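Student: Got a predicted model here, sequence first, then my questions.
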Amino acid sequence: MRVFALVLGVVSVAAFPEPLCSEETKAHRVAVSTSAAKPHRQPILGERLGFHGWWFGIPIGRGWIEVKEIVEVEGRTAYHIEAQGHSNDVLSTFYPIHDEVHSYLDIETLQPLRFEKYQREGHYRADEVVTFNPARGTATYRSLLNGSVKEIPLPPAFQDLVSALYWFRAQPLHPDQTITLDLYTDEKIYQTQVFVKRPILLELLKRGTFPCFTIEPKASFKGLLVKRGRLWAYLTADERRIPLLVKTTTPWGPMSAVIDEDSLRAVGRAVGKR
């Protein structure tokens, strides 16, 4: 799920001491007001955020995440969130990526009720469905490829890879704050701390300059730090908390995902300034 690690802001691999800047982006570490607008409590129906993926400044693919509809899941009203990531023709010649994820968020609690993953990365395949039952404190994992079924114990509060983004965007953010959440992925629960840094001005080429919070997640499993690298995500400091940029590193070098111009036009120019 490396494409989604960029788009969704979850912990990726390797390590790097500081966020990278490229011809596409510049981070200005200047004084920015530390006050932030109160965030939207609920996901915005129809919101679609698209991103371009880069590796060493070379375009490698695209991805998007969308609040598609409101549906019924297990007798509960839920937001249906869809995320996709696809490699471009260049990367696909030697490592094709076609990933699709669906998450269904309880409209009241913003906790996931169901998670679906359809993953195609190189020769790797994964098709799985996870049904969450918070009342019982269990998740039921089903592989659609080999038919295996597994029950996983759940903590009282948790998120999946997709729901975590919308839950986090709904939280009040303050500089030097640490937010803790339990994150479900790959049949495990990771205790994750998200560090909120002081706002900066982020300049995106042809898109504008934006006051942004910088956030950095760090995960642990059963109390042991998962040393899979560092990742930085930049969210606008207004009420929408739009994720503009994610940067990380991999064994193959630094990677980034930057929001596309169409998505910024759709959410409105007010998040930035020309």
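Tutor: Yes, it's here. Numbering: from 1, shown residues only.

Student: For the helix or strand hosting Lys117, list the C-alpha coordinates in PDB.
Tutor: Using DSSP states H and E, the element containing Lys117 is strand 112-121. Backbone C-alpha positions of strand 112-121 (Å, rounded to 0.1, in the frame of the first residue of the first chain) are rendered in PDB as follows:
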ATOM      1  CA  PRO A 112     -15.000   2.400  10.500                       C
ATOM      2  CA  LEU A 113     -17.700  -0.300  10.100                       C
ATOM      3  CA  ARG A 114     -16.200  -2.000   7.100                       C
ATOM      4  CA  PHE A 115     -12.900  -1.900   5.200                       C
ATOM      5  CA  GLU A 116     -12.200  -3.400   1.700                       C
ATOM      6  CA  LYS A 117      -8.800  -3.600   0.000                       C
ATOM      7  CA  TYR A 118      -8.100  -4.600  -3.600                       C
ATOM      8  CA  GLN A 119      -4.400  -4.400  -4.200                       C
ATOM      9  CA  ARG A 120      -2.200  -5.000  -7.200                       C
ATOM     10  CA  GLU A 121       1.400  -4.100  -6.800                       C
END
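
Student: contacting residues around that strand?
Tutor: The contact list for strand 112-121 (CB atoms under 8 Å, 6 or more residues apart in numbering) reads 1-2, 73-74, 76, 78, 95-106, 125-132, 158-163, 184. For the C-beta atoms, the positions are set from N, CA and C on the backbone; glycine is no exception.

Student: for that strand, what is the average pLDDT?
Tutor: Averaging pLDDT along strand 112-121 yields 97.

Student: and it, which strands flank it?
Tutor: strand 97-106 (antiparallel), strand 124-133 (antiparallel) (DSSP bridges).

Student: Buried residues in the last one, which are they?
Tutor: Which is strand 124-133. Of all the residues in strand 124-133, those buried under the rule 16 or more other CB atoms under 10 Å are 128, 130-132.

Student: Likewise for the first one?
Tutor: Residues of strand 97-106 classed as buried: 97, 99-106 (neighbour count, 16+ other CB under 10 Å).

Student: Now tabulate these in JSON lines and tack on pLDDT and distance to Glu47.
Tutor: Output for the buried residues of strand 97-106, formatted as JSON lines (pLDDT from 0 to 100; distance: CB to CB, whole Å):
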{"residue": "Ile97", "pLDDT": "95", "distance to Glu47": "24"}
{"residue": "Asp99", "pLDDT": "97", "distance to Glu47": "20"}
{"residue": "Glu100", "pLDDT": "97", "distance to Glu47": "18"}
{"residue": "Val101", "pLDDT": "97", "distance to Glu47": "16"}
{"residue": "His102", "pLDDT": "98", "distance to Glu47": "16"}
{"residue": "Ser103", "pLDDT": "98", "distance to Glu47": "14"}
{"residue": "Tyr104", "pLDDT": "98", "distance to Glu47": "16"}
{"residue": "Leu105", "pLDDT": "98", "distance to Glu47": "13"}
{"residue": "Asp106", "pLDDT": "97", "distance to Glu47": "18"}
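
Student: I'd like those residues written out as TSV, with distance to Pro153 added.
Tutor: Below are the buried residues of strand 97-106 laid out as TSV (distance: CB to CB, whole Å):
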residue	distance to Pro153
Ile97	31
Asp99	27
Glu100	27
Val101	22
His102	23
Ser103	20
Tyr104	20
Leu105	21
Asp106	19
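
Student: pLDDT averaged over stretch 249-258, what's the number?
Tutor: The average pLDDT for stretch 249-258 rounds to 85.
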